[in-house]
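Undergrad: What follows is a protein structure lacking sequence information:
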């Protein structure tokens with residue numbers, strides 16, 4: 001009976017919104033010229049107008065040497081907040097030089113959250129549904 005009460009309490013907290021959402025990641029936002037995506041073995045290319053991002057190696061996971069398309073981060077979405085606003089992007093690429101928390105955004109995504117002249121801005125982001 002105690003397990004039932006614990007489950008009921010947990011479900012009630014979830015339904016009421018009392019459960020805290022995951023803390024956002026923080027890092028630098030930069031932008032790059034998209035091309036062949038690391039998440040696609042078929043060599044899919046993305047363009048500068050797509051709302052996409054490249055994720056740092058540590059959070060990208062998978063196998064960096066060759067099997068990047070097997071990363072669990074591929075095709076997940078992230079809600080990114082910067083100085084000018086926020087944008088939802090899909091992870092399709094890998095940023096080897098980025099640190100934990102950093103995202104390298106497409107030019108279109110970067111322009112939504114910051115002035116491209118800035119080049120590098122502080123961001124926060126969380127995983128979100130696509």
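TA: Looks like it came in fine. Just so you know, these numbers come straight off a predicted model, no measurement behind them.
Undergrad: and the strand or helix carrying residue 59, how far from the chain's centre?
TA: Using DSSP states H and E, residue 59 sits within helix 57-60. Offset of helix 57-60 from its chain centre (CA atoms, centre = their mean, to the nearest Å): 10 Å.
Undergrad: C-terminal to it, what's the next element?
TA: strand 77-82.
Undergrad: could you point out which element follows that following strand?
TA: Later in the chain than strand 77-82, the nearest helix or strand by DSSP H and E is strand 85-95.
Undergrad: what's the spacing between the residue nearest the centre of the chain and residue 104?
TA: With distances taken as CA atoms, centre = their mean, residue 78 lies nearest the centre of the chain, 3.6 Å away. For residue 78, the distance to residue 104 equals 12 Å [CB to CB, to the nearest Å]. For the C-beta atoms, the positions are set from N, CA and C on the backbone; glycine is no exception.
Undergrad: Could you do residue 24 as well?
TA: Counting by CB to CB, the gap from residue 24 to residue 104 is 17 Å.
Undergrad: Touching, the residue nearest to the centre of the chain and residue 87? I think so.
TA: No: between residue 78 and residue 87 there is no contact under CB atoms under 8 Å: 9.2 Å.
Undergrad: what residue ranges in this protein are flagged as low confidence?
TA: By pLDDT under 70, the low-scoring segments of the chain are 1-21, 41-43, 62-70.
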